[in-house]
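>>> here's my sequence, what's the structure:
(2 chains)
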2 protein chains.
Amino acid sequence: MVIEQPAWVQEAVDWTRSYVTDEERIRLTIALARENVVREAAGPFGAAVFERGTGRLVAVGVNSVVRLRSSVLHGEMMAFILAQERTGSFSLAAPGLPAHELATSCEPCAMCLGATLWSGVKRLVFAAHREDAEDLGFDEGPVFAASYQYLRERGIEIVGGLLREEARAVFTLYRSRGGLIYNA
Amino acid sequence: MVIEQPAWVQEAVDWTRSYVTDEERIRLTIALARENVVREAAGPFGAAVFERGTGRLVAVGVNSVVRLRSSVLHGEMMAFILAQERTGSFSLAAPGLPAHELATSCEPCAMCLGATLWSGVKRLVFAAHREDAEDLGFDEGPVFAASYQYLRERGIEIVGGLLREEARAVFTLYRSRGGLIYNA
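Predicted coordinates:
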């Protein structure tokens, strides 16, 4: 099984700049979500892993469930897989690496929240809320207040709801185009 | 990123027989877990996807976190990825497919339990319990009674604790060999 981004991703992303603020980081993930809908008719979700301090972009991910025919390949999972490939480590918190964080256009589902814990990122920032994805028809799985508490107790900072309306607008676009709800 | 099994897996597994009972299915996953420790010094976890009715083996997975340097690649995730590749569908519950189930040598972590929900399997059967993995030093993530209830309400049957002592024996072997606790 080969896991790779769609060809347009490399060109759609500016790899040379720094993404300094939360808004800049989230805006990139929403742009990826939008491009994924427009170019692939694929799930309206994008994610990216950054070096927390410098804002250097390490890897991005777009939802690839339908394109690669794998229920595992949410945007966040793509970003983790490719970030760890790039750093050559199964943990983004490995000795010698700077602190990393995940930005994502939507609150992670149960699988992706679990993966966040194992990935080694020290911070999670997201745009749309669970309810927004559920309004669209997606299931988000078993995530509870205690789930967030569990991650926080292990040193992961979590911030949600940034640019929420911009992320929701991509969901509206997806609905208007009759996008597939692959886990309804 | 190329996701593939270690070379020995193809030979270690009998692909021609049917795995009719729960014990036969679980025994295969424990054998894979043991081989993964012995041959790779890798995480003591194995999993397999079966056609529920016939017991036909669709795909197996061994923990590949360290080998492939990816925190995502637990045994269950490997099995889901490769089963969906084999069936050509992002859901093992797609129209035209028989019902599928996942067997795994240890209770799934939070990520893998979420992935179970998206995979399309209709049944989950596991051997060792969460506490057994935690005794070894592994974290299992935010999984609660409500998590299981969430999956059950969506039609997934869950059975745990089969051949638990045999699965625990592989954990003991892993510890005796000084195996890495990659998410401690």
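>>> gap between the helix or strand A:Asp135 falls within and the chain center?
Using DSSP states H and E, A:Asp135 sits within helix A:130-136. Relative to its chain's centre, helix A:130-136 lies at 16 Å (CA atoms, centre = their mean, to the nearest Å).
>>> tilt between the helix or strand that comes right after that helix and helix B:145-153?
Stepping forward along the backbone from helix A:130-136, the first helix or strand reached (DSSP H and E) is helix A:145-153. Using axes from the mean of the first three to the mean of the last three CA atoms, to 10 degrees, the inter-axis angle of helix A:145-153 relative to helix B:145-153 is 130 degrees.
>>> now for A:Val66: which residues touch it?
Neighbouring residues of A:Val66 by CB atoms under 8 Å, 6 or more residues apart in numbering or on different chains: A:Ala42, A:Gly43, A:Leu180, A:Tyr182, B:Phe90. C-beta here means a position set from N, CA and C on the backbone, and glycine is covered the same way.
>>> try 10 Å
A:Val66 is in contact with A:Glu40, A:Ala41, A:Ala42, A:Gly43, A:Leu73, A:Gly179, A:Leu180, A:Tyr182, B:Phe90, counting by CB atoms under 10 Å, 6 or more residues apart in numbering or on different chains.
>>> quick one, phi/psi of it?
Per-residue torsions, A:Val66: phi -80, psi -40 (degrees, to the nearest 10).
>>> packing partners for the helix or strand harbouring A:Glu11?
According to DSSP H and E, A:Glu11 maps onto helix A:8-12. Using 3 or more CB pairs under 10 Å, 6 or more residues apart in numbering or on different chains; DSSP states H and E, the elements in contact with helix A:8-12 are helix A:22-40, strand A:57-62.
>>> possible to save those as TSV with distance to chain B?
As requested, these are exported to TSV (distance: least, CB to the nearest CB, whole Å):
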stretch	distance to chain B
helix A:22-40	14
strand A:57-62	10
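>>> so the residue most central in space within chain A bridges to which residues?
Residue closest to the average C-alpha location in chain A (CA atoms, centre = their mean): A:Ala47, at 2.6 Å. A:Ala47 has these beta-bridge partners by DSSP bridges: A:Gly61, A:Thr104.
>>> hang on, it packs against A:Ser64?
No - using CB atoms under 10 Å, A:Ala47 makes no contact with A:Ser64, being 11.1 Å away.
>>> my read: A:Gly43 touches A:Arg34, true?
No - using CB under 10 Å, A:Gly43 makes no contact with A:Arg34, being 11.7 Å away.
>>> list residues touching both of those two?
By CB under 10 Å, 6+ apart, the residues touching both A:Gly43 and A:Arg34 are A:Tyr174.
>>> what about A:Phe144, how many residues nearby?
Other residues within reach of A:Phe144, judged by other CB atoms under 10 Å in any protein chain shown, total 14.
>>> measure it to B:Gly141 for me?
In this structure, A:Phe144 and B:Gly141 are 12 Å apart, going by CB to CB, to the nearest Å.
>>> now do the shared contacts for those two.
A:Ala110, A:Tyr150, B:Ser147.
>>> of those residues, which is the most crowded?
Result: A:Ala110 is most packed of those (other CB under 10 Å), 28 neighbours.
>>> residue ranges with poor pLDDT in chain A?
Along chain A, no part satisfies pLDDT under 70.
>>> go again using 90 as the cut-off
Chain A contains residues with pLDDT under 90 at A:183-184.
>>> before we move on, back to that, hey, what's in contact with both of A:Ala47 and A:Ser64?
A:His74, A:Gly75, A:Met77, A:Met78.
>>> isn't the first one up against A:Ala42?
No - under the contact definition of CB under 10 Å, A:His74 does not touch A:Ala42, with a separation of 11.2 Å.
>>> the helix holding A:Asp135 near chain B at all?
No - using CB under 10 Å from any CB of the partner chain, helix A:130-136 stays clear of chain B, with a minimum separation of 13.0 Å.
>>> nearest residue to A:Glu4 in space, please, no chain neighbours.
B:Met1 (7.1 Å; CB to CB, 6 or more residues apart in numbering or on different chains).
>>> show me what contacts A:Phe144?
A:Ala110, A:Tyr150, B:Pro142, B:Phe144, B:Ala146, B:Ser147, B:Tyr150.
>>> the third one contacts B:Arg130, correct?
Which is B:Pro142. No - here B:Pro142 lies out of contact with B:Arg130, judged by CB under 10 Å, at a distance of 11.3 Å.
>>> anything in contact with each of those two?
B:Cys109.
>>> now the angle between helix A:22-40 and the host helix or strand of A:Val170, please.
Here A:Val170 sits within helix A:164-176, counting by DSSP H and E. Per the same axes, to 10 degrees, the angle that helix A:164-176 makes with helix A:22-40 is 10 degrees.
>>> tell me which residues in helix A:164-176 are buried?
By 16 or more other CB atoms under 10 Å in any protein chain shown, the buried positions in helix A:164-176 come out as A:Arg164, A:Glu166, A:Ala167, A:Arg168, A:Ala169, A:Val170, A:Phe171, A:Tyr174.
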